[in-house]
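Asker: have a look; sequence and predicted model below, questions after that.
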Amino acid sequence: METPLLTSLRSPRVVAARRLAKRNQRSKERRFLAEGPQAVREAVAFGRLAGGEHAVVEVYLTQEAAERHAEIVTTARAEGLPVLTATEEVIAEICDTVTPQGVVALCRFIDTPFEQVLAARPKLVAVLAHVRDPGNAGTVLRTADAAGADAVVLTDASVDPYNPKAVRASVGSLFHLPVATGVPVEEAMARLREAGVRVLAADGAGQRDLDQELDEGSLEGPCAWVFGNEAWGLPEETRELADEVVRVPIHGHAESLNLATAAAVCLYASARAQRSPGGCRGTA
């Protein structure tokens, strides 16, 4: 590879990228960093804004990473994206991780307006209400993507999905499906219901359990799952806004499931039901 273009930790590019570690700076500039080969690979391949503009502004790699992940360089250049080599010290300065993998993409915010999510008539949506841990948020986003969800909504009381830890935990799924942010939970639940989506609050206090929902065929239609805070779940006022409060049954002796695991169980239950004969995504 060519001689590194970014060698100084005081370079304006490096200083500007490092500032994005702070949420207020990300919000001000509407830019964030995607770290690691998988996240950058997906950003380059799938990152598009509503108007067609590419989400990726620039890609930075060490010489070693550029050789190891040559397909990222090839795809980025084919998309007309600037690819800059950098020293390991520069990449370490930019990255949030202790041991960076040598690949970083500077990206534009890619969140989707909530109105656009509703207009697409979604069949399966994950709503994160009061979720504060970025790792959990990114993992739920990844799970929603894997389950074939149509969108993820983060309420105004939830973590920033562009937090470096959230972006890493999504492992590229952030670039795969619509993500709406900053929506008040009351508005999100009411508007989804108006759009014909059944709103289910996932909470251990539920009178019904997931097995009942599956046995009765209640999950075959359009559905939005609302997931609460990692420590205290959903407040009563939020549960009261749901069509149903549903608990994941605990068949063993475990006290509970963590947020990401409960979300995976609920989303996959809906995904399977919706794809069964008679389901809203079924082929029969």
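Answerer: Thanks, I have it. Numbers count the residues shown, from 1 in each chain.
Asker: buried residues in stretch 220-234, which are they?
Answerer: 220-230, 233-234 (16 or more other CB atoms under 10 Å). For glycine as for every other residue, the C-beta is placed from the backbone atoms N, C-alpha and C.
Asker: end-to-end on it?
Answerer: 24 Å (CA to CA, to the nearest Å).
Asker: and stretch 245-255, by the same measure?
Answerer: Start-to-end, stretch 245-255 (CA to CA) is 19 Å.
Asker: re earlier: going by distance to S8, which of the buried residues of stretch 220-234 wins?
Answerer: E230 (40.4 Å; CB to CB).
Asker: check contacts around the residue nearest to the closest one when sequence neighbours are not counted.
Answerer: Spatial nearest neighbour of E230, excluding adjacent residues (CB to CB, 6 or more residues apart in numbering): L259 at 5.0 Å. With contact set as CB atoms under 8 Å, 6 or more residues apart in numbering, L259 has these partners: V131, D133, N136, V140, F227, G228, E230.
Asker: point out where the stretch 151-284 of the chain drops to low pLDDT.
Answerer: 283-284 (pLDDT under 70).
Asker: tell me where it has helices.
Answerer: Along the stretch 151-284 of the chain, the segments classed as helices by DSSP state H, counting those that start in this stretch run 164-170, 185-194, 210-215, 236-239, 259-274.
Asker: centre of the chain versus the last one, how much separation?
Answerer: Okay, so that is helix 259-274. Put simply, helix 259-274 sits 15 Å off its chain's centre (CA atoms, centre = their mean, to the nearest Å).
Asker: give the buried residues for it.
Answerer: The neighbour-count check on helix 259-274 (16+ other CB under 10 Å) flags L259, A260, A262, A263, A264, C266, L267, A269, S270, A271, A273, Q274 as buried.
Asker: before we move on, what about the second one?
Answerer: Neighbour counts over helix 185-194 (16+ other CB under 10 Å) mark V185, A188, M189, R191, L192 as buried.
Asker: please state the offset of that helix from the chain centre?
Answerer: 20 Å.
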